[in-house]
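Enquirer: For reference, the sequence and a predicted model appear below.
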Amino acid sequence: MAEAHASVVDLSRLDREALEALVVAQQEKLLTRNSEIEHLKLIIAKLRRMMFGTKSEKIAREVEQLELKLEELETGEAARPPAAAPTGSTSTPRRKRKRRPLPEHLPRETHMHMPAEEACSACGGGLSKLGEDVSEMLEYIPASFKVIRHVRPKMCCTRCDMIMQAPAPSRPIDRGLAGPGLLAHVLVSKYADHLPLYRQSEIYAREGVDLDRSTLADWVGAASYLLSPLVDQLRKHVLAASKIHADDTPVPVLAPGTGKTKTARLWTYVRDDRPAGSDVPPAVWFTYTQDRKGEHPKQHLNSFTGVLQADAYAGFHHLYEGGRIVEAACWAHARRKFYDIHVAHGSAIAGEAIQRIGKLYDIEREIRGQAADLRCEVRQARARPLMDDLHRWLNKTLVGLSRKSDTAAAIRYALSRWRALGRYLDDGAIEIDNSAAERALRVVALGRKNYLFAGSDAGGERAAAIYSLLGSAKLNDLDPELYLRHVLERIADHPVNRIHQLLPWNLASELTTHLETSQVST
C-alpha cells in the first residue's frame, strides 16, 4: 500500500507547465487505449462477418483430396498434345481401358451419312448397299442423355468392285465417346457449378450412365488442350485495350508429395468499356501462378500499354515506372476500409467518409453507359468539387486522430493514393473503381467453398483457361454451356488462323438465333 501511495502524484506541488505536460501524457494514453479498443472491435467485427452462416466444424477430407489429386493427374495426362512414339522406343504405352458398351435404355438418334456421289466414281455404275459401319457417340441434352448413332453405309458398284462410303464425322476428341454437348456440360459443371469430377460421376450413375472419374478427367484434359488456342485469342484481345482491370485471389493447391496445400494465385485481367459507351466486346483473361511475386503481373502485362485499374498491391507498383502503364486506383477499396470501421463501432467519422464517397458514386450511376467525353465533362463539373472538399476534410480530420487508430490508417490509405484515385476525373473511359475485376473473381471464390483446392499447378492452369472462356461468355450475355457446346462442335476442324471466329461475340448472333428457335420448338 505504501508503494501504491508513493506513486500518486501530488498535483498541488506541480507548476503550470508540469500540469500541462501531465494532461498531455494522460491524453496520449487514452488515445492509445481507445485506438486499441477500436482496433480490436474492428477485428472482431470482421471475424464475425466471415463466420456468419457457416459452421466451424472440421470434417476429414483426406479421401476427397486423394480423389482430386488423382483427377488432376489423369486430366494432365490427357491434356498433353498427341505425339507419336519414337521409332525403337521401349517405353510401355499407356494401357487403354476397356470401353463399356453404351446403355441400351438410352434413346438412339440415327444420322445417316451417304456417299456424296450417286454413281461409282471409277466407272459410273450404279451403287447398291454392301454393308455399313456403325459407331456410337454419347451426347448430352440438358437434363437427359441420348446416344447419337452415326451410320455410314458402304456402297458397292454394280459393275465393278469399287466400294464407296461417306467419311466419318469429326468429333471434339479423336475417337472419343463424348459429344460436344456432354463435354460442355462436364466443363461447366466442374468450373462454373463447382462439381468435382468424382461427384459428377456419381450424378451420372444415378441416371444409369456409368462414367468413371478417370474417363471424365481424360475428357477435361483433352478439351482444355483443344480450347487453348481460343484462350490465347482472348488474352490478346484483353491486352490490346487501352484500359484494363486487374486483381488476384489465393487458390489452395495440393503440394506434390506432402498431402498438404500451398497457396497459389489466380490473376484476372478484364477489358470492359461498356460503362463508357463503347461497343468493343468485353472479355476476361485468367492466368495462374504458383505464388504472388510481382514478377508475374510484369510478365503478364509486358505487351500492355495504357491504364491499369487495380488495388494497392505492391507487386503492381513497379509497373507504373516509366509511364508505359498508368495507375488508376479503386474507390471501392478506399470506401471499404471506412465501412469496416463504421460497422465495427459506429464511427461518426467513418460514417461521414462513406456518405461523402457515396455522392461520387451517385454521379457515376447517372452517367453509366454514356460516352467517355460526356462522362469526363460531368465529372469535372460535379465530382471534382466534391473530391477537393473531401481531400480537405480528410486532412483536417487526420490531425485530431491518434496515429495508431484504424480510422487514421483508412484516411492515410486514401490520401497516399489520392492522385490515382482522382485519375478517373480526367478520363471518361476510366471507372471509379475496380469492380469489374472483383466480379470476375467471384466464380473462383465460390469454387473455393466447394472444391477447397486445385489438385496441381497444371490443374490451376486449366482452371484459369476455362474460367477465361466461361467469364467472357457471361460478359457477352451468352449461356456459357451453350457457347462451349457450339465451340466444341467445330473447333477440331476449324482453321487455327481463323480461331478468332469462335470468340464469344463472334458467335453471339448465331447462338441467340439458336436459342430463340429452340424456345419456339419447345
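Expert: Looks like it came in fine.
Enquirer: hang on, C123 is in a helix, isn't it?
Expert: No: read with DSSP: H, G, I helix; E, B strand; the rest coil, C123 is coil and lies in no helix.
Enquirer: Next one, pLDDT for it please.
Expert: On pLDDT, C123 comes in at 91.
Enquirer: what's the burial count for it?
Expert: By other CB atoms under 10 Å, the residues close to C123 number 11. Quick note: C-beta positions are derived from backbone N, CA and C, even for glycine.
Enquirer: Could you count how many residues lie near L415?
Expert: 14.
Enquirer: Confirm it sits in a strand?
Expert: No: using three-state DSSP, the secondary structure at L415 is helix, not a strand.
Enquirer: Tell me how far it lies from T397.
Expert: Going from L415 to T397 by CB to CB, to the nearest Å gives 11 Å.
Enquirer: now do A420
Expert: Distance check for A420 against T397: by CB to CB, it reads 21 Å.
Enquirer: Looking at these two, which one has more neighbours?
Expert: More neighbours surround A420 than the other of A420 and T397, with 18 against 15 (other CB under 10 Å).
Enquirer: quick one: the more buried one and I325 touch, right?
Expert: No: assessed by CB atoms under 8 Å, A420 is found out of contact with I325, at 11.9 Å.
Enquirer: what's the closest non-adjacent residue to L484?
Expert: Spatially, and ignoring its direct neighbours in sequence, L484 is nearest to A184 (3.8 Å; CB to CB, 6 or more residues apart in numbering).
Enquirer: show me what contacts that neighbour?
Expert: Taking CB atoms under 8 Å, 6 or more residues apart in numbering, we find A184 in contact with 140, 481-482, 484-485, 488.
Enquirer: what would these look like in a markdown table with distance to I173?
Expert: Shown next, in a markdown table, are these (distance: CB to CB, whole Å):
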| residue | distance to I173 |
| --- | --- |
| Y140 | 14 |
| E481 | 18 |
| L482 | 19 |
| L484 | 14 |
| R485 | 14 |
| L488 | 9 |
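Enquirer: Outside of stretch 149-168 itself, list whatever touches it.
Expert: 108-117, 120-137, 169.
Enquirer: ok now it, how far from the chain's centre?
Expert: Computed by CA atoms, centre = their mean, to the nearest Å, the chain-centroid distance of stretch 149-168 equals 49 Å.
Enquirer: Report the mean confidence score over it.
Expert: The average pLDDT for stretch 149-168 rounds to 93.
Enquirer: Buried residues of that stretch, list them for me.
Expert: For stretch 149-168, burial by neighbour count (16 or more other CB atoms under 10 Å) applies to 150, 152-153, 155-157, 164-166.
Enquirer: ditto for stretch 464-472
Expert: Buried residues in stretch 464-472, counted by 16+ other CB under 10 Å: 464-472.
Enquirer: what do you get for stretch 398-407?
Expert: Burial within stretch 398-407, assessed by neighbour count using 16+ other CB under 10 Å, is assigned to 398, 401-402, 405-407.
Enquirer: Can I get it as PDB, trimmed to CA atoms?
Expert: Taking C-alpha atoms only, stretch 398-407 is exported to PDB below (Å, rounded to 0.1, in the frame of the first residue of the first chain):
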ATOM      1  CA  LEU A 398      -6.500  13.300 -39.600                       C
ATOM      2  CA  VAL A 399      -4.800  15.900 -37.400                       C
ATOM      3  CA  GLY A 400      -7.100  15.200 -34.500                       C
ATOM      4  CA  LEU A 401      -6.700  11.400 -34.600                       C
ATOM      5  CA  SER A 402      -4.200   9.100 -32.900                       C
ATOM      6  CA  ARG A 403      -1.700   7.800 -35.500                       C
ATOM      7  CA  LYS A 404      -2.400   4.300 -34.300                       C
ATOM      8  CA  SER A 405      -6.100   4.400 -34.900                       C
ATOM      9  CA  ASP A 406      -7.800   2.400 -37.700                       C
ATOM     10  CA  THR A 407      -9.600   5.500 -38.800                       C
END
